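Chemist: Please find the sequence and the predicted model below.
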Amino acid sequence: MSEAITTTRDGSGNWRPEAAIEPAPINAWPPELMKTLKWFFGWPGFIWPENILWLGVSVLSWLYLTPELANMQTFELWWIGALYAKNFAFILILFGGLHYYLYIRQGQGERLRFTTKPFPTKSARFKFYDQVKDNMFHTLAFAVPVITGYEAVTYWLFANGHLGWFDLANQVAFWGWFVIALVLAPFIHSVHFYLGHRLLHTKPLYKRFHALHHNNVQVGPWSGLSMHPVEHVIYFSTICVQWAIALHPLNAVYQLHLAAFMPAPGHSGFERTDICKGVFLAAGSNFHYQHHKYFECNYGGSLLPLDKWFGTFHDGTEEATLQLREQMRAQREANTAS
């Protein structure tokens, strides 16, 4: 799919897809069964490639890189350290690898990139005056420990019988619910992310915590988890939902990994990441890119139409931009009048 056919780039180097952003087909009304089934099982779609990729990493982590559950009944430095090392490596490989491919090797050039503006390297907004170094610092120094903390507490709770407490004797029912919990995980993430994100955009929390993430106007893979530590705690608390419903630790780990890994392709700065011919990651980057560009829109994701329901949806078109500016102008006038 060539950029010339599908896009235009303005004189400032900004690019937008010609097609408007649409919520996932599962949200269509009246329901469109065949379109929904194609989206659910097809490529790209709900299962392939992103969700199956993150699930595969979770299975690998659980089977080969996680200590035995019986050894995690008490908090000990050795197994918590092992989890930390594993998570550090995962983040470094995924976020660093994606940054290397897109911005150092320039594996797909500027094709499907939202802006050709370089990352700031002399800006007081960032630690070390450098956006990429700042983003790496906040990700590796703060995000990885918070991920590890939630994961360690989860394993400790399972090891001591505090989770999975409604374990089903019927194996068919057990594994059936296990699969349902896996399918629900992306929807749980979508709802939790929207609600947490709206909370962080309230005045007291935005200035104190969330503004750090919004220093990133030109986003890249390392921008995804570049947050204040308090925001990390809020963001990764999505795993707590699985504490209530999960029968198996893998359900909770998958929920955590969705939150940990999705921000890399979601903040790539490209509409999609082409890996090789016919294989690409399309993580709805344009949806979230509009949020970083205009702030007061697209708080959630494209999986569920939460932004449409609550009047904060931007479909990426110029018409939506003009409408958003008019809404913001009216809001400012209302605030001034009051």
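Modeler: Right, received. Where do you want to start?
Chemist: pLDDT below threshold where in the protein?
Modeler: Low-confidence segments of the chain (pLDDT under 70): 1-7, 165-168, 277-279, 282-284, 338.
Chemist: Which residue ranges of it form strands?
Modeler: For the chain, the strands defined by DSSP state E cover 7-9, 15-17, 273-276, 279-281.
Chemist: mind checking which of those strands is nearest Y206?
Modeler: strand 15-17 (26.1 Å; C-beta to C-beta). Heads up, the C-betas are built off the backbone N, CA and C, glycines and all.
Chemist: Just the buried residues of the closest one, please?
Modeler: 15-17 (16 or more other C-beta atoms under 10 Å).
Chemist: Same list, those residues, but as a markdown table with distance to I180 please.
Modeler: A markdown table is the format used below for the buried residues of strand 15-17 (distance: C-beta to C-beta, whole Å):
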| residue | distance to I180 |
| --- | --- |
| W15 | 40 |
| R16 | 38 |
| P17 | 34 |
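Chemist: so which of the strands of the chain comes closest to I47?
Modeler: strand 279-281 (13.8 Å).
Chemist: excluding its backbone neighbours, what's nearest L83?
Modeler: If the residues on either side of it in the chain are set aside, L83 comes closest to T148, at 5.0 Å by C-beta to C-beta, 6 or more residues apart in numbering.
Chemist: list the contacts for the one you found?
Modeler: Residues near T148 by C-beta atoms under 8 Å, 6 or more residues apart in numbering: 80, 83-84, 87.
Chemist: Which ones among those residues map onto helices?
Modeler: 80, 83-84, 87 (DSSP state H).
Chemist: And K308, how far from V191?
Modeler: Look at K308 and V191: by C-beta to C-beta, to the nearest Å, they are 14 Å apart.
Chemist: Which residue of these two possesses the greater neighbour count?
Modeler: V191 (16 against 13; other C-beta atoms under 10 Å).
Chemist: Out of the ones in helices among the contacts of T148, give me the one that has the most neighbours.
Modeler: N87 (23 neighbours).
Chemist: Hmm, that residue is touching A260, no?
Modeler: Yes: between N87 and A260 there is a contact at 7.5 Å, judged by C-beta atoms under 8 Å.
Chemist: what do those two both touch?
Modeler: I147.
Chemist: Apart from its chain neighbours, what residue comes closest to T139?
Modeler: According to C-beta to C-beta, 6+ apart, the nearest residue to T139 is L225 (4.4 Å).
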